[in-house]
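J.: sequence? don't have it. structure:
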């Protein structure tokens with residue numbers, strides 16, 4: 001039983017509960033050894049006696065612990081304290097992407113693409129380490145207060161080999177890929193599908209498929225054509241629309257083959273959003289809306305005359321997947337309900353399957369259906385193959401268990417020696433240059449900025465860049481770092497690196513290093529605001545100081561504060577040391593205007609005024625400029641002058657008329673004000 005104030009692992013003091021899921025709770029805690037806040041995920045007590053849940057919990061820790069990337073929540077420690085299974089991870093000060101979408105309804109395209117790039121970078125790191133997440137959804141993506149995006153909850157991740165994996169997989173049904181819904185192969189391209197659904201939700205504010213039951217939604221992922229996000233977001237650029245559609249192809253072979261390809265297209269869409277550059281493979285008959293055939297239904301059932309195996313989900317006569325008869329997990333009843341086909345409806349207000357929980361809406365499907373087969377053969381599942389797979393799984397678990405015994409026994413000295421006596425007993429912390437006192441800071445002086453930043457972030461450090469305009473080193477070369485190399489610092493500490501701007505590098509050095517310039521294709525900056533245009537150019541390698549911006553007048557008010565002209569023009573090949581000239585609109589030019597065209601009548605609004613009284617007349621512009629002044633006792637007064645004053649059409653001014661009248665109490669000054677329009681000169 002976890003209590004506030006208790007210390008687990010002789011190190012982590014529980015401070016407050018900050019989240020809960022289907023099988024675990026998450027607490028904010030203080031790491032007394034390193035004096036830093038951390039998040040501690042604890043397996044719920046009711047599951048701690050069930051070895052299946054314990055193994056699943058450990059699998060999450062093992063999957064995430066091997067990953068060190070700025071876009072993945074880092075795992076620091078894992079342990080078991082008197083039956084309390086826990087692991088310690090980085091505390092992200094922020095909210096889930098799900099809550100962020102709910103807060104904003106729809107994200108801007110630039111914001112959604114930026115988040116998508118960061119998620120894809122985290123997945124790319126995981127995939128390159130042979131880890132498939134298999135449950136990508138907005139609930140498992142954190143956004144920190146400083147805008148950093150991190151992927152979390154590797155709870156159903158699985159280590160991949162060079163081949164794809166087949167297993168009974170779990171995933172949140174709104175974001176699950178067709179192959180996961182069938183229980184077939186799942187690999188990196190399954191994560192890409194789920195990220196595509198997440199991008200869809202970010203730009204439209206809804207999920208592509210919905211229904212009364214989770215099973216109905218899963219069938220839609222398998223059967224129905226994926227809707228275009230432009231249907232719900234008409235202003236969506238064509239490049240972003242096609243990126244999402246390519247991610248969410250039914251066949252994995254027609255999706256992006258890896259996250260690197262996806263990142264490349266997402267970055268390009270930021271520069272040329274309206275360019276139709278995404279290549280989509282022509283869909284075959286599998287891409288169209290269709291009903292599962294009898295053959296496919298048999299494959300999902302299990303394919304034998306006696307029905308599916310106990311514990312598998314099967315299609316009933318209506319085409320809806322039935323729950324396993326002996327599945328003891330609580331879930332909503334969906335027997336005898338039809339899957340709803342048709343256009344993707346909006347998310348119901350009280351959709352329980354949308355809750356941000358670990359297991360809610362997660363279902364297990366028969367693994368016999370293989371999504372990669374374009375022409376399915378009428379083949380019954382091979383019972384012998386199933387038996388072999390089970391035996392191999394048991395052997396693998398036994399080997400892992402034996403290895404864990406030797407590792408734990410070695411640390412405890414149960415096998416007649418200490419870690420120091422055994423050269424092979426090297427902990428993962430030692431291999432990464434980390435121990436209880438911190439992580440060794442690598443030497444990054446002499447590296448390029450990008451190389452140094454990546455090296456430090458992979459070690460778990462934050463990076464702060466300082467420009468050095470006095471260094472004779474090549475542009476973007478690190479010339480100093482603080483703290484120094486080989487010192488030990490806590491994970492998450494900030495390392496400041498000083499980077500040369502190349503301002504004092506000699507011409508010969510520049511030509512030798514090749515760091516100063518490169519030739520790139522000029523992007524289209526028309527329509528961007530100044531900040532976005534500068535960022536785009538800097539990312540291509542241009543110096544911000546070489547971007548000249550002038551403001552110009554333009555009658556199109558929709559282009560105010562936007563780039564309306566650029567030199568060099570888009571598509572031009574240009575060196576990154578070239579000067580870029582941009583024109584930014586400040587709106588229509590001010591034009592000369594009459595102060596007032598017409599007659600001013602006597603101030604009849606005031607009952608004290610009598611004919612013949614002298615009236616002082618002034619007309620003052622909204623900025624306080626006096627435009628007209630005179631005194632008269634004869635009305636009406638015609639005013640046509642001050643033509644050199646420059647005000648835009650339909651500007652207004654204040655007309656004030658003051659006069660003196662005699663009362664029983666003596667002379668009193670009265671005044672009357674009116675609003676008049678300044679008329680633009682023709």
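T.: Sure, I can see it. Everything quoted here is computed from the prediction, not taken from an experiment.

J.: Regarding the residue positioned nearest the centre of the chain, what is its secondary structure?
T.: Closest to where the C-alpha atoms of the chain average out (Cα atoms, centre = their mean) is residue 115, at 2.0 Å. In the three-state summary, residue 115 is assigned as helix, counting by DSSP: H, G, I helix; E, B strand; the rest coil.

J.: so what's the closest residue to it other than its chain neighbours scoring on pLDDT?
T.: Take residue 115 and drop its neighbours on the chain: the residue closest to it by Cβ to Cβ, 6 or more residues apart in numbering is residue 149, 5.3 Å away. C-beta: built from backbone N, CA, C; applies to glycine. According to the per-residue confidence, residue 149 scores 93 in pLDDT.

J.: contacting residues around residue 149?
T.: 71, 97, 115, 118-119, 122, 141-143 (Cβ atoms under 8 Å, 6 or more residues apart in numbering).

J.: what do you get if the cut-off is 7 Å, keeping everything else the same?
T.: 71, 115, 118-119, 141, 143 (Cβ atoms under 7 Å, 6 or more residues apart in numbering).

J.: ok, now residue 67?
T.: For residue 67, the residues meeting the contact criterion (Cβ under 7 Å, 6+ apart) are 125-126, 129, 131.

J.: Relative to residue 632, which of those is nearest.
T.: Relative to residue 632, the closest of these is residue 125; by Cβ to Cβ it sits at 81.5 Å.

J.: Format the contacts of residue 149 as TSV; extra columns: distance to residue 153, pLDDT and secondary structure.
T.: Putting those into TSV (distance: Cβ to Cβ, whole Å; pLDDT from 0 to 100; DSSP: H, G, I helix; E, B strand; the rest coil) gives the following:
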residue	distance to residue 153	pLDDT	secondary structure
71	14	91	coil
115	16	95	helix
118	16	94	helix
119	13	96	helix
141	9	95	strand
143	14	92	strand
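
J.: Quick one: buried ones out of the residues you listed?
T.: By neighbour count, with 16 or more other Cβ atoms under 10 Å, these hold 71, 115, 118-119, 141, 143 as buried.

J.: Closest one to residue 458 out of those, please.
T.: Closest approach to residue 458 among the buried ones among the contacts of residue 149 (Cβ to Cβ): residue 71, at 11.6 Å.

J.: burial measure for the residue nearest to residue 6 when sequence neighbours are not counted, as a count.
T.: With Cβ to Cβ, 6+ apart as the measure, residue 14 is the residue that lies nearest to residue 6, at 5.3 Å, once sequence neighbours are left out. Using other Cβ atoms under 10 Å, residue 14 is surrounded by 19 other residues.

J.: got the domain boundaries for the chain?
T.: For the chain, the domain assignment from automatic domain parsing gives the residue ranges 7-89, 95-292+322-354, 382-425, 428-512, 517-585, 593-680.

J.: from those domains, which stretch is densest packed?
T.: Most buried of the domains of the chain by mean neighbour count (mean count of other Cβ atoms under 10 Å) is domain 95-292+322-354; its value is a mean of 19.

J.: Show me how far that one is from its chain's centre.
T.: Between the centre of domain 95-292+322-354 and the centre of its chain there are 13 Å (Cα atoms, centre = their mean, to the nearest Å).

J.: same question, stretch 599-612
T.: Distance of stretch 599-612 from its chain centroid, counting by Cα atoms, centre = their mean, is 66 Å.

J.: Go ahead and list the helix or strand containing residue 400.
T.: With elements taken from DSSP states H and E, the one containing residue 400 is helix 383-412.

J.: tell me the mean pLDDT over that helix?
T.: 71.

J.: hang on, residue 661 packs against residue 670?
T.: Yes - contact status for residue 661 versus residue 670: in contact at 5.9 Å, counting by Cβ atoms under 7 Å.

J.: Name the residues contacting each of the two.
T.: Listed contacts common to residue 661 and residue 670 are residue 608; contacts here mean Cβ under 7 Å, 6+ apart.

J.: Who does the helix or strand where residue 463 lies pair with, and is each partner parallel or antiparallel?
T.: For residue 463, the enclosing helix or strand under DSSP H and E is strand 462-468. For strand 462-468, the paired strands and their directions (DSSP bridges) read strand 494-500 (parallel).

J.: can you give me the helices in the stretch 401-550 of the chain?
T.: Assigned helices in the stretch 401-550 of the chain, in chain order: 428-431, 449-458, 507-513, 530-540 (criterion: DSSP state H, counting those that start in this stretch).

J.: of the buried ones among the contacts of residue 149, closest to residue 262?
T.: The shortest separation between residue 262 and any of the buried ones among the contacts of residue 149 is 9.7 Å, and it belongs to residue 119 (by Cβ to Cβ).

J.: Looking at the contacts of residue 67, which is nearest residue 625?
T.: Minimum distance to residue 625 across these is 61.6 Å, recorded for residue 125 (Cβ to Cβ).

J.: Where does the closest residue to that closest one other than its chain neighbours sit, in terms of helix or strand?
T.: Closest residue to residue 125 in three dimensions, ignoring its sequence neighbours and counting by Cβ to Cβ, 6+ apart: residue 69, at 4.0 Å. Taking DSSP H and E as the criterion, residue 69 maps to no regular element, lying outside all helices and strands.

J.: ok, so what distance separates residue 69 from residue 75?
T.: As defined by Cβ to Cβ, to the nearest Å, residue 69 lies at a distance of 12 Å from residue 75.

J.: which ones are touching residue 564?
T.: Applying Cβ under 7 Å, 6+ apart as the definition, the contact partners of residue 564 turn out to be 526, 554, 583, 585.

J.: Take those and write them to TSV, including secondary structure and distance to residue 498.
T.: Below are the contacts of residue 564 laid out as TSV (DSSP: H, G, I helix; E, B strand; the rest coil; distance: Cβ to Cβ, whole Å):
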residue	secondary structure	distance to residue 498
526	coil	36
554	coil	42
583	strand	35
585	strand	38
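
J.: just these: which has the poorest pLDDT?
T.: For the contacts of residue 564, the minimum pLDDT belongs to residue 554; the value there is 84.

J.: Hmm, residue 589 and that residue touching each other?
T.: No - in terms of Cβ under 7 Å, residue 554 does not count as a neighbour of residue 589; the distance is 8.7 Å.

J.: Find me the pLDDT at the residue lying closest to residue 485 once chain neighbours are set aside, would you?
T.: Once its chain neighbours are removed from consideration, residue 485 has its nearest residue in residue 443; the separation is 3.7 Å (Cβ to Cβ, 6+ apart). Among the per-residue scores, residue 443 holds a pLDDT of 91.

J.: Now that residue 443 has come up, it's in contact with residue 483, right?
T.: No - because the distance of 11.5 Å does not satisfy Cβ under 7 Å, residue 443 is recorded as not touching residue 483.

J.: Would you format the buried ones among the contacts of residue 149 as JSON lines with distance to residue 492 included?
T.: Formatted as JSON lines, these follow (distance: Cβ to Cβ, whole Å):
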{"residue": "71", "distance to residue 492": "15"}
{"residue": "115", "distance to residue 492": "22"}
{"residue": "118", "distance to residue 492": "18"}
{"residue": "119", "distance to residue 492": "20"}
{"residue": "141", "distance to residue 492": "19"}
{"residue": "143", "distance to residue 492": "17"}
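
J.: Now flag whichever of the residues you listed is closest to residue 54.
T.: The shortest approach to residue 54 among these belongs to residue 141, at 26.4 Å (Cβ to Cβ).
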